[in-house]
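S.K.: pasted the sequence and its predicted model underneath.
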Amino acid sequence: MSKEKKSHGHVHLPDGRGVDVVEKNTDTSWAMFQALQGQQQHGFEKTRPTGLPGSAASQAGPEHVTIDDVLVEARRNNRVCPLPAIWQRLYAYLPNTGPHLSKVPATHAEWAQVPALQKRARLREHIEWAASQGVLKQVYEALKKLPENRWHHIGE
């Protein structure tokens with residue numbers, strides 16, 4: 001008997017939009033969904049002062065990177081995902097990957113067949129996985145360093 005579950009949920013994004021979610025995979029995916037939903041319900045951290053521009057504190061970068069921080073960076077300028085070879089290296093960096101995690105579209109044919117929003121969803125899945133494995137900040141730093149011409153954009 002298969003352990004596959006089909007669950008439905010509704011998540012409110014920080015910008016106020018609601019998104020219906022259908023999960024069809026594993027208990028691990030469902031646990032990740034519930035954890036993310038719980039994070040949304042807790043709201044935002046209290047505002048705290050930052051260092052002045054040019055101070056050591058502001059140059060060190062954020063102490064704690066959130067999934068939302070990484071998603072904002074990944075979607076800047078209508079970005080969909082990194083180009084295939086770069087995205088493949090990012091995926092290879094992620095610890096404990098396996099059949100539970102969608103792979104990067106590997107061949108030219110598969111890349112052409114996967115719609116932009118599905119590529120974006122796969123990248124989000126990889127970002128969420130990075131968070132669950134404790135490497136979110138490293139993934140964030142890598143994505144921030146990518147020049148714009150190394151990204152696939154909506155409409156390309």
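M.R.: Everything's here; your move. Numbering: from 1, shown residues only.

S.K.: what about stretch 104-124, start to end distance?
M.R.: Start-to-end span of stretch 104-124 (Cα to Cα, to the nearest Å) is 12 Å.

S.K.: low-scoring stretches of this structure, by residue?
M.R.: Residue ranges of the chain with pLDDT under 70: 1-63.

S.K.: and for the closest residue to Gly155 other than its chain neighbours, the neighbour number?
M.R.: Excluding the flanking residues, the one nearest Gly155 by Cβ to Cβ, 6 or more residues apart in numbering is Asn78, at 7.2 Å. No exception for glycine: its C-beta is placed from N, CA and C like everyone else's. Asn78 has 12 neighbouring residues, counting by other Cβ atoms under 10 Å.

S.K.: Asn78 and Ala106, how far apart?
M.R.: Noted for Asn78: a distance of 24 Å to Ala106, by Cβ to Cβ, to the nearest Å.

S.K.: cool, Gln88 as well?
M.R.: Distance of Gln88 to Ala106, given as Cβ to Cβ: 7 Å.

S.K.: more neighbours, these two?
M.R.: Neighbours were counted for Gln88 and for Ala106 using other Cβ under 10 Å; Gln88 has more, 15 against 12.

S.K.: for the nearest residue to that one once chain neighbours are set aside, helix, strand, or coil?
M.R.: Using Cβ to Cβ, 6+ apart and skipping residues adjacent in sequence, the residue nearest Gln88 is Val104, 5.0 Å away. Look at Val104: counting by DSSP: H, G, I helix; E, B strand; the rest coil, its state is coil.
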